[in-house]
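A.B. asks: quick check, what structure comes out for this input:
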Amino acid sequence: MTPRPNAAAPTEIQAGTKTGTDAGITIGVLALQGAYEAHAKALASLGVTTRLIRTPAELVEPSPLDGLIIPGGESTTMLKFLERNQFLDVLSTFVLQTPTFGTCAGAILLAKDVQSPAQTSLAAMDMTVERNAYGRQIDSAILTAPTELPGGPLEMVFIRAPRITRTGPEVEVLASRDGFPVLVREGHLLAATFHPELSGDTRVHQFFLDVVRKRAAVQV
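C.D. replies: Numbers count the residues shown, from 1 in each chain. Alright, predicted model coming up:
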């Protein structure tokens, strides 16, 4: 996919036919690099309007987002785009105030501490992440493991996945692999070291939408 960080107008993907409590929600997906289209399709299947975000202004125009997904991809490449037009600074403030879900590279960007090697991040979630800890592309795997989410074991797609090696006292672990957290939540922030957008199981996206709705209810 060719990134278009300076696109003139946001691309909005309308929700599917499903209706319900999430029908009025608009979720942004950072579309600088990575698997952003798969996230947009997963959200649309849940009845959610999605806006592809390529500039700082699109976080609030034509209307403020209810939540944001930072997809998997290559975290250093995303950072190069984010360092333009003060996007990183704007996003750092945004994620402290608005529900945000980071997957794989997105989880790395949300972490307060990034290792192997060290890297700039949004420093939003109290956790330490080790990059590419599960090996190279050839070491990718699809696993099924228990989760705190309702509905039984969860399918998890790992691709050059990072490892969460430390979590702070306010971070809730929702799923683990080999004793290490792979799905965590801290308040209005959610992070996964796997790719839920590549699975037919939409429970992780639905859980994020629940976080978004609860956050909105508190702010009313």
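A.B. asks: so, low pLDDT: which residues of this protein?
C.D. replies: Along the chain, segments meeting pLDDT under 70 span 1-23, 135-139, 219-220.
A.B. asks: and the strands in it?
C.D. replies: 11-13, 26-30, 49-53, 67-70, 100-103, 111-115, 125-130, 141-145, 154-158, 163-167, 172-177, 180-186, 189-192 (DSSP state E).
A.B. asks: just give me the residue closest to the centre of the chain.
C.D. replies: residue 102 (2.3 Å; C-alpha atoms, centre = their mean).
A.B. asks: grab the longest helix from this structure for me.
C.D. replies: helix 203-219 (DSSP state H).
A.B. asks: and it, how far out from the chain middle?
C.D. replies: Relative to the centre of its chain, helix 203-219 is centred 13 Å away, using C-alpha atoms, centre = their mean, to the nearest Å.
A.B. asks: contacts for that helix, please.
C.D. replies: With C-beta atoms under 8 Å, 6 or more residues apart in numbering as the test, helix 203-219 has contacts from 21-22, 25, 27, 39, 42-43, 46, 48, 66-67, 69, 98-99, 101, 147, 149-151, 154, 174, 183, 185, 188, 190, 192, 196-197. All C-beta atoms are positioned from the backbone trio N, CA, C, and that covers glycine.
A.B. asks: tally of neighbours for residue 24?
C.D. replies: 14 (other C-beta atoms under 10 Å).
A.B. asks: repeat that for residue 179.
C.D. replies: 5.
A.B. asks: over to the one 4 residues further on?
C.D. replies: One way to gauge burial is a neighbour count; for residue 183, by other C-beta under 10 Å, it gives 27.
A.B. asks: and it, how far is that from residue 166?
C.D. replies: From residue 183 across to residue 166, the span is 16 Å (C-beta to C-beta, to the nearest Å).
A.B. asks: same question for residue 196.
C.D. replies: 22 Å.
A.B. asks: which of these two has more residues huddled nearby?
C.D. replies: Using other C-beta under 10 Å, the more surrounded residue of residue 196 and residue 166 is residue 196, with 27 against 16.
A.B. asks: how near is the more buried one to residue 173?
C.D. replies: Counting by C-beta to C-beta, the gap from residue 196 to residue 173 is 16 Å.
A.B. asks: residue 140 now?
C.D. replies: Noted for residue 140: a distance of 22 Å to residue 173, by C-beta to C-beta.
A.B. asks: who's in contact with stretch 166-174?
C.D. replies: 113, 125-128, 147-149, 181, 183-187, 207.
A.B. asks: list only buried entries from these.
C.D. replies: 113, 125-128, 147, 149, 181, 183-186, 207 (16 or more other C-beta atoms under 10 Å).
A.B. asks: farthest pair in the residues you listed?
C.D. replies: Of all pairs drawn from the buried ones among the contacts of stretch 166-174, the greatest distance, 25.9 Å, lies between 113 and 149 (C-beta to C-beta).
A.B. asks: if I read this right, residue 108 contacts residue 130, doesn't it?
C.D. replies: No: using C-beta atoms under 8 Å, residue 108 makes no contact with residue 130, being 9.3 Å away.
A.B. asks: now the end-to-end length of stretch 40-50.
C.D. replies: Start-to-end span of stretch 40-50 (C-alpha to C-alpha, to the nearest Å) is 6 Å.
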